[in-house]
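> have a look; sequence and predicted model below, questions after that.
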Amino acid sequence: MPKERYIVHVDMDAFFASIEQRDNPRLKGKPVVIGALPKQGRGRGVVSTASYEARKFGIHSSLPISIAYNRCPTAFFLPVNMHKYISASKQIYNIFNTFTPRVEQISIDEAFLDITASFHLFESPLNTCKLIKEKIKKETQLTASIGLAPTKMAAKIASDINKPDGIFEVKPENLLDFLWPLPVEKISGLGEKSKLALNRAGVHTIGDLAKRDIKELVSFFGKNGEYFWHLARGIDASEVEQSDEIKSVSNETTFEEDTLDEKLIKKELLALTESVSRRLRLNKFKAKTITLKIRLTGFRTYTRAITLSKSTNFVDDIYKIANKIYFDFISSKDFDCKTKIRLIGIKASNLLDSDIKDSLFDDNKDRKKENIHNAMDKIKEKFGDNIIHRGLSDYKKNTKRA
């Protein structure tokens, strides 16, 4: 490891819910739940984000929305507004880049920053973190929690200690004092099964793990044993990877009741396609690979993908492919015609910059499509996502069962 490293982990506080509270004063100080609509406790989706006020009721990310409603029926339940959240995220990442070019995007609301080479411009590493928080608060009216440490793992753990709106610094000389009393499951990449096995072997803390013989851990975990042993001893040379690339854009929905209603499924497929298509254009991407995710009753989950010869971000193109994958799947041996569908999702990946042309030939039809999509995007941006939608009748002549 380098002798001196200052790694920052920034985690926005209840990001989606905080944006909604910022934009609607009526929601400030109130329990806010972002995700599927609860349908008075009959909703079938999950919680995406919960405000800190909602968390007091035991509501958290990935909790079934029906349980969230039962725990706090007076909470404000709002749908995900990804366009708004992406816009705020871009603003925050622009702020990061004013402090260091070494920024690794973990998610829409979480990042690692390496300020080793730039902190001296802002007096000290800790002062740099304070300035990052202040700039985020001033420019977005949102709060962030920050961990500062010599390693990525320690920085990530530290950012969670003084949440919300806090800073926690782990100095190099205190790194092991910080790590060793922590539960062993805080080790990056160590899952629940490994934790239980270690607990049975008398290893409960990171310190317990660090004091074990490395050969014992290698025999226990294979190559990962050496990796875990080094992390437990504060040895982590993994770099902050400068990459703000979005790998994929996806969206999925859980039906209120498991269904085989073809019209309902195709309607949701179209809505998901519109969402993914718009997010691709917002981020100036086109996709070459379209993946369909289908979860059946009993939680059996399947994914099927098609890679195109020409990238696209047009609703028509993506829906046509998704529809084909769907009908190919329900005609396959993997699908029992009596088994209902619980969830359906679309992912666009293998992304290219939307300015890059796949072909040497300029297509007038594509230009017309692009103009139509841009016009619809502007209407939605001004009046809201629900102001205009395509109808299934627009696609009937182009989509049929395989």
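Perfect, I can see it now. Numbering: from 1, shown residues only.
> surely R281 is in contact with N313?
Yes - judged on CB atoms under 8 Å, R281 makes contact with N313 at a distance of 5.1 Å. C-beta coordinates here come from the backbone N, C-alpha and C atoms, glycine included.
> just want to know which of these two has more residues nearby.
Neighbour count, other CB atoms under 10 Å: between R281 and N313, N313 has more, with 26 against 19.
> relative to R304, how far out is that one?
The gap separating N313 from R304 is 20 Å, by CB to CB, to the nearest Å.
> quick check: H120 is in a helix.
Yes - with DSSP: H, G, I helix; E, B strand; the rest coil as the criterion, H120 is assigned to a helix.
> hmm, who's touching stretch 69-77?
Applying CB atoms under 8 Å, 6 or more residues apart in numbering, the external contacts of stretch 69-77 come out as 20, 27, 30-33, 35, 37-38, 40-41, 43, 54, 57-59, 65, 68.
> name the residues of it that are buried.
69, 71-72, 75-77 (16 or more other CB atoms under 10 Å).
> need the residues you listed in TSV with distance to I157, secondary structure and pLDDT, can you?
Shown next, in TSV, are these (distance: CB to CB, whole Å; DSSP: H, G, I helix; E, B strand; the rest coil; pLDDT from 0 to 100):
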residue	distance to I157	secondary structure	pLDDT
Y69	32	helix	95
R71	28	helix	96
C72	29	coil	96
A75	29	coil	96
F76	31	strand	96
F77	32	strand	96
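> show me which of those is closest to K288.
F77 (36.4 Å; CB to CB).
> A17 and A50, how far apart?
A17 is 6 Å from A50, by CB to CB.
> what sits in contact with each of the two?
Jointly contacting A17 and A50 under the rule CB under 8 Å, 6+ apart are 32-34.
> can you add secondary structure, neighbour count and distance to A271 and give those residues back as a markdown table?
What follows is the shared contacts of A17 and A50, written out as a markdown table (DSSP: H, G, I helix; E, B strand; the rest coil; neighbours: other CB atoms under 10 Å; distance: CB to CB, whole Å):
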| residue | secondary structure | neighbour count | distance to A271 |
| --- | --- | --- | --- |
| V32 | strand | 26 | 23 |
| V33 | strand | 31 | 21 |
| I34 | strand | 25 | 18 |
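> tell me the bridge partners for the spatially most central residue of the chain.
Here the mean C-alpha position of the chain is nearest to the C-alpha of S107 (CA atoms, centre = their mean), at a distance of 5.0 Å. Bridge pairing for S107 (DSSP bridges) gives the partners E110.
> show me where pLDDT drops low in the stretch 101-250 of the chain?
Counting by pLDDT under 70, the stretch 101-250 of the chain contains low-confidence ranges at 243-246.
> and if we set it to 90?
For the stretch 101-250 of the chain, applying pLDDT under 90 flags the ranges 101, 106-107, 117, 121, 184-185, 187-203, 209-230, 232, 235-250.
> what ranges does it have for its helices?
Secondary structure of the stretch 101-250 of the chain, counting by DSSP state H, counting those that start in this stretch: helices at 125-140, 152-159, 175-179, 192-200, 206-210, 214-221, 223-232.
> CSV for the ones you listed, including distance to L264 and mean neighbour count?
Formatted as CSV, the helices of the stretch 101-250 of the chain follow (distance: least, CB to CB, whole Å; neighbours: other CB atoms under 10 Å):
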stretch, distance to L264, mean neighbour count
helix 125-140, 38, 17
helix 152-159, 41, 24
helix 175-179, 51, 18
helix 192-200, 36, 13
helix 206-210, 49, 21
helix 214-221, 46, 14
helix 223-232, 44, 19
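> with distance to D236 added, can I get the buried residues of stretch 69-77 in a markdown table?
A markdown table is the format used below for those (distance: CB to CB, whole Å):
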| residue | distance to D236 |
| --- | --- |
| Y69 | 41 |
| R71 | 38 |
| C72 | 39 |
| A75 | 39 |
| F76 | 41 |
| F77 | 40 |
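> closest one of the shared contacts of A17 and A50 to K263?
Nearest member of the shared contacts of A17 and A50 to K263, counting by CB to CB, is I34, at 28.4 Å.
> confidence score at the closest one?
pLDDT, I34: 95.
> bridge partners for it, pull those for me.
T49, L78.
> that one contacts L78, doesn't it?
Yes - when contacts are counted by CB under 8 Å, I34 is listed as touching L78 (5.4 Å).
> what is in contact with these two at once?
Joint contacts of I34 and L78 (CB under 8 Å, 6+ apart) are E20.
> hang on, the earlier thing: the helices of the stretch 101-250 of the chain: which one's closest to D334?
Nearest to D334 among the helices of the stretch 101-250 of the chain is helix 192-200 (27.8 Å), distances taken as CB to CB.
> gap between that closest one and the chain center?
Here helix 192-200 is found 27 Å from its chain centre; the criterion is CA atoms, centre = their mean, to the nearest Å.
> for stretch 23-34, buried residues please.
27, 31-34.
> contacts for that stretch, please.
Defining contact as CB under 8 Å, 6+ apart, one finds that stretch 23-34 is touched by 16-17, 20-21, 47-51, 53-54, 56-57, 59, 65, 68, 72, 74-80, 84.
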